[in-house]
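**Q** Sequence first, then the predicted structure:
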Amino acid sequence: MSQNKTAGAVAKRHMGLKTSRRIGNTAIYILLIAMSVIWLVPFICILLQSFRVESTWQVGYVVPQKWGLDNYQNLFKTDFPRWYTNTFIAALCTAVLQTVIVLCMSYTLSRFRFKMRQPLMRFMLILGMFPGMLTMIILYRVLKDLGMTQANAVPGLILVYVASSGMGYYVSKGFFDTIPKSLDEAARVDGATRLQVLYKIILPLSKPIVIYTILTAFMGPWGDFVFARYISFGASAGKNVAVGLYDWLSKDQINKSYTMFCAGGVLVAIPVTILFMCLQKYYVEGVTGGAVKG
Amino acid sequence: MKKLLALVLSLSMLLSVCSFASADSLAGEYDIKIWVANEIVDLTKQQVEDFNNTNELGIKFNATIEAVGEGDAATQMVTDVEAGGDIFCFAQDQFSRLTEAGALAKLGAGAAKNVTESTDADAVAAVTTGDGTLWAYPLTADNGYFMYYDKSVIPEEDIDSMEKLIADCEAAGKNFAFEMNTSAWYLASFFFGTGCVSEWQTDDEGNFTSVHDTFNSDKGLIAAKGMQKLVTSPIHVSSSEASALANGAAIVVTGTWASSAIKEMLGDNMGVADLPSFEVDGQEYHLGSFFGFKLMGVKPQVDPAKAAVLHRLAQYLTGAKCSLERHAAVGWGPANLEAQADESVANDPILKAVYEQKKYGQVQNAIHGSWWDIAKVIGDEVKAATDEAGLKQALQNYEDKMASLFKLDANALLFVGAWNGWNNADDTDTYYLKDGVLTLDVPESDYMGGRIVKPGDWGTDKGFAQVVSGAEYIKDLGADNPDNNIVFAEAGNYTITLNGSEITIVKN
């Protein structure tokens, strides 16, 4: 009898736990769903607007009345392909160059012990604290003297994006520090050079951080607006997508170009989305992996 | 040797002047950059081509034409004048910024005469500075706002009365879009309607010297009351976008740039009219507006021949033929008188509304850049006001802000001296005599002197000779003081009071 009672009480308590967990989960899921809706609504709106063909201005509804690809076709009658190419070249070059520089830098600072290593790291830390915008005007002047502004803005922009990338070594150096040094030593004993150690031992072990570096290096130029606008001013041939698209929102163009602007926005998002989807796994590892040791 | 060099130099100068003067030498190829609005890029390309083919001087332009909107042109030019367009179009309100930045080349006497004779007089006034110099070529005379309405909602007999329009909209559950809360440009409409003014004076270089502003007055109060009727109505939306019509508005106040979109939205139901009147205390006031021009400027050039040909091209592009072509292609209202008189322009219903509203409009001359931000808050403050005192307060706030910003007013005097590094163009508020009083800290230095001047001027307005009280605090340097400076004997905190031409000094 008493046993039954206890069993009943346990069952009851068990039920209580289950229900309360269910309630908790439901609440969390509702919150998460609400948040993801809030996050996704702008993107979905832009996507839907880009397929709207019955009018080209802003309207008060989201779902198009007439669907079509006109906006995408019209994009190719403008300078948009040029802007897209500019952005892509700038982002790709920056991604390659910056990754090489950052990884070499991190490897050096992680594995080599040389005079002034600590002061150098500290110096770069302080230098990195100055906002990049401060240098904008002087950089413009320098680039102008080199002939890398306006229509020739792309090489100028690459130069600027890559120039200070050596200072962004923190995360990957932190990651390299977690790889046991004895691996390097073993390879060195077997006759590997320093460079061979880097690309045969360290890099295969640090896939996440390499991918993280590539991604961040690619994203910077891809979304840059302020600097690109300043460097490429007044010359359509030198603009990147962000700057070019922005001009379509001026008061005399918005009524004609709004849906096209949305289509442009979608095309801009595609490569980045694909990149992230493929590399997402490594990205998270990279961000957190580098944080283990500073 | 020096003489020889001077001779050679002056000869070469003479030669260059000769070559500049003779038209034949203008022949040649010129690489130029032209900045125009996106929608007329192709047309302008064609027009430059036409100029190349028809001019008798053998001038040939290799023009790169870039789309730079008129609203943005000044910002872009000022970024780097050297790299900017040789010819560029801009809205009139940027005129002062561009002259200040030295981005505009003066028109020569011939061009100036030509423009004065062939162009809308208001437009000419808009490009002329104090000393009668012309700085740009008027391109269009249509940069103002008026009313678009949906004929299916608004009966035509109601379009002259703001109260009736509001009632119609309320009855139909439609909105009345007039950008009152975020734009001084539109909001000034009510003030100009009751006869208020805000006029800025500039010197020859385009610097602001003073402002005559009557927004905070009885007339301004009437305007605020009228505005309150609109902004407190539930059907008012603060927008000047064509898209407001697609989002439930029956009326939108905006300009010619929205016409093609609105035509598509409303079709045959599109109505266009000048702004309505509003009624306060039994009196009708027709809403005013800003009216502006789009201008074409030529950038100062190093090469005089290039400058000369650019001015010719600018004259051609703003002439009757090109203006009519632009009207036909994109509907822009020309500033050129011959083009204005042309049938196609005179019968254009949208331009009719533009010109009808222009009668009540204020030509938008040079306006200090800060004014837009100071004035635009009136809309929100009027909306928030619950009684007449609230409205008065809104206007008073406006005046206070104006007063604190513009010490440029001729009455404001600056006590320049050792304490501000003898900076007679001091922008900080610290050393101006407000209502004739100034309290300042005199720091210890070798020469603790200064004098009262008009900002930007070195001539002594008031100084040692005018001190009637407090002479014990200052040194009498006698003949050693040709500039009439007030030189303090010791550092400290002083209050200077200027009453008429008498200075009182008190040590605190």
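**A** Ah, there it is.
**Q** Going by C-alpha atoms from here, please, whenever you check contacts or count neighbours.
**A** Fine.
**Q** Give the burial count for B:N397, as a bare number.
**A** The tally of other residues near B:N397 (other Cα atoms under 10 Å in any protein chain shown) stands at 18.
**Q** quick one: the helix or strand hosting it to chain centroid distance?
**A** Assessed by DSSP states H and E, B:N397 sits inside helix B:388-405. Its chain's average C-alpha position is 22 Å from that of helix B:388-405, according to Cα atoms, centre = their mean, to the nearest Å.
**Q** Just the mean pLDDT for that helix, thanks.
**A** Mean pLDDT, helix B:388-405: 85.
**Q** Same check on stretch B:177-191?
**A** Stretch B:177-191 comes out at a mean pLDDT of 91.
**Q** hmm, who's touching that stretch?
**A** With contact meaning Cα atoms under 8 Å, 6 or more residues apart in numbering or on different chains, stretch B:177-191 is reached by B:145, B:197, B:215, B:219-220, B:223-224, B:226-227, B:231, B:236-240, B:244, B:249-254, B:287-290, B:372-373, B:375-380.
**Q** Quick check: residues of chain A near chain B?
**A** A:57-60, A:233-236, A:250-253, A:255-256 (Cα under 8 Å from any Cα of the partner chain).
**Q** Counting neighbours, which of those end up buried?
**A** A:57-59, A:233-236, A:250-253, A:255-256 (16 or more other Cα atoms under 10 Å in any protein chain shown).
**Q** Assign a three-state SS to the closest residue to B:P300 other than its chain neighbours, would you?
**A** Nearest residue to B:P300, sequence neighbours excluded (Cα to Cα, 6 or more residues apart in numbering or on different chains): B:A105, at 4.6 Å. Following DSSP: H, G, I helix; E, B strand; the rest coil, B:A105 is assigned to coil.
**Q** B:A105: neighbour count?
**A** 17.
**Q** Whichever of the contacts of stretch B:177-191 end up buried, select them in PyMOL.
**A** One line in PyMOL is enough to select the buried ones among the contacts of stretch B:177-191; burial here means 16+ other Cα under 10 Å:
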select buried, chain B and resi 145+197+215+219+220+223+224+226+227+231+236+237+238+239+240+244+249+250+251+252+253+254+287+288+289+290+375+376+377+378+379
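**Q** Among the contacts of stretch B:177-191, which ones lie close to chain A?
**A** Applying Cα under 8 Å from any Cα to the contacts of stretch B:177-191, those adjacent to chain A are B:A244.
**Q** Got the domain ranges for chain B?
**A** B:26-139+B:292-352, B:143-291+B:364-405, B:413-507 (automatic domain parsing).
**Q** Ok, which of the ones you listed comes nearest A:E185?
**A** Shortest separation from A:E185 across the domains of chain B is recorded for domain B:26-139+B:292-352, at 55.4 Å, computed as Cα to Cα.
**Q** rewinding a little: and the contacts of stretch B:177-191, which of them are in helices?
**A** Residues of these located in helices (DSSP state H): B:219-220, B:223-224, B:226-227, B:231, B:244, B:372-373, B:375-376, B:378-380.
**Q** Report the closest residue of the stretch 251-400 of chain B relative to chain A.
**A** Nearest to chain A in the stretch 251-400 of chain B, going by Cα to the nearest Cα, is B:W257, at a distance of 5.3 Å.
**Q** Need the nearest residue in space to that residue, chain neighbours excluded.
**A** In space, B:W257 is closest to A:D252, 5.3 Å off (Cα to Cα, 6+ apart).
**Q** Wait, a helix at the one you found?
**A** No. Under the criterion used here (three-state DSSP), A:D252 is coil, not part of a helix.
**Q** okay, which residue is most central for chain A?
**A** By Cα atoms, centre = their mean, chain A has its centre lying nearest to A:M219, at 3.6 Å.
**Q** Check what pLDDT A:G156 gets.
**A** Here the pLDDT value assigned to A:G156 is 92.
**Q** who's in contact with it?
**A** Contacts of A:G156 by Cα under 8 Å, 6+ apart are A:L143, A:M148, A:T149.
**Q** And it, how close does it get to A:G174?
**A** 31 Å (Cα to Cα, to the nearest Å).
**Q** Of all residues in chain B, which one is closest to chain A?
**A** Taking Cα to the nearest Cα, chain A has its nearest neighbour within chain B at B:N247, 4.9 Å off.
**Q** okay, now that residue: neighbour count?
**A** Counted with other Cα under 10 Å, B:N247 comes out at 14.
**Q** does the closest residue to it other than its chain neighbours count as helix, strand or coil?
**A** Once flanking residues are discounted, B:N247 sits nearest to A:G60: 4.9 Å by Cα to Cα, 6+ apart. Look at A:G60: counting by three-state DSSP, its state is coil.
**Q** where does A:G60 sit relative to B:G267, distance-wise?
**A** When A:G60 is compared with B:G267 (using Cα to Cα), they lie 18 Å apart.
**Q** again, but for B:I474
**A** 78 Å.
**Q** And the two? Which one has more around it.
**A** Neighbour totals were compared for B:I474 and B:G267, and B:I474 leads with 18 against 11 (other Cα under 10 Å).
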